[in-house]
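Undergrad: when you get a sec, could you give me coordinates for this:
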Amino acid sequence: MNTRLIRLAAIVVALLGLVACRDSFSPVEITEVPLGDDVPTNPATSFAGIAAAAYDLVHQELPKAELTFVAYRGECSGLSGLDGTWRLTYTERRRGFPRDRLLVGEVVVGGGYLSLTTQDYSWGYPPTIPLDLETQVGVGQIAAIADTEIRRRVDGDCTVRLHRAPQGWQVQCASPDASGGEASICNFRVDPLTGDIDGG
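TA: Modelled structure (predicted):
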């Protein structure tokens, strides 16, 4: 290898080092951040306020992150009031070489508090398509529709998971089985634009 190629390789390595330093990222974990007094803690009636608080928290670390996933888990009996735990996932794409960096912030909301963890998922497959919840049926109304449908299908206590999938709001409910796990007892979708039920 001649001297010119060695110098060129050294320059490339140095430039890559500078880019890496400039775009450094360190994971963080922030716990038990109280919702502000101006944010009602009932997500059934004020999900927009809770989502705004989560957005503000994650943007302290990932200023260009966009909401890409939303999930709720709780008891079926508390679904109408969304009295459970929310997970909101935000993804920030940073253009780079040899590939883009995908930085993910997950905000957990429950009991009037928020927690945030951030991670680098550049070598994984995090959700990257932004969600637009503002132009669709409200989250509280989706929960009410799902609650009515679960009561029609399920007799007894259960847990429920509600998450926003590409095809709509996916609703899954389960009851404890004899082996100590959970047995699925309902699985259906709620159309985010019309509120219609789809699936068995």
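Undergrad: buried residues in stretch 164-175?
TA: Neighbour-count burial for stretch 164-175 flags R164, G168, W169, Q170, V171, Q172, C173, A174, S175 (criterion: 16 or more other CB atoms under 10 Å). No exception for glycine: its C-beta is placed from N, CA and C like everyone else's.
Undergrad: mind listing the strands for this structure?
TA: Remark: strands assigned in the chain by DSSP state E are 29-34, 66-75, 85-94, 101-110, 113-120, 159-165, 168-176, 182-190, 197-198.
Undergrad: circling back to that earlier point, of the buried residues of stretch 164-175, closest to S77?
TA: Distance to S77, by CB to CB, is smallest for C173 among the buried residues of stretch 164-175, at 11.2 Å.
Undergrad: mind putting the strands of the chain into CSV with distance to A53 and mean pLDDT?
TA: Output for the strands of the chain, formatted as CSV (distance: least, CB to CB, whole Å; pLDDT from 0 to 100):
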stretch, distance to A53, mean pLDDT
strand 29-34, 8, 89
strand 66-75, 13, 93
strand 85-94, 10, 92
strand 101-110, 8, 92
strand 113-120, 6, 93
strand 159-165, 18, 91
strand 168-176, 21, 90
strand 182-190, 24, 86
strand 197-198, 30, 89
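Undergrad: would you mind giving these as CSV with distance to A51 added?
TA: As requested, the strands of the chain are exported to CSV (distance: least, CB to CB, whole Å):
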stretch, distance to A51
strand 29-34, 15
strand 66-75, 7
strand 85-94, 7
strand 101-110, 9
strand 113-120, 11
strand 159-165, 12
strand 168-176, 15
strand 182-190, 18
strand 197-198, 24
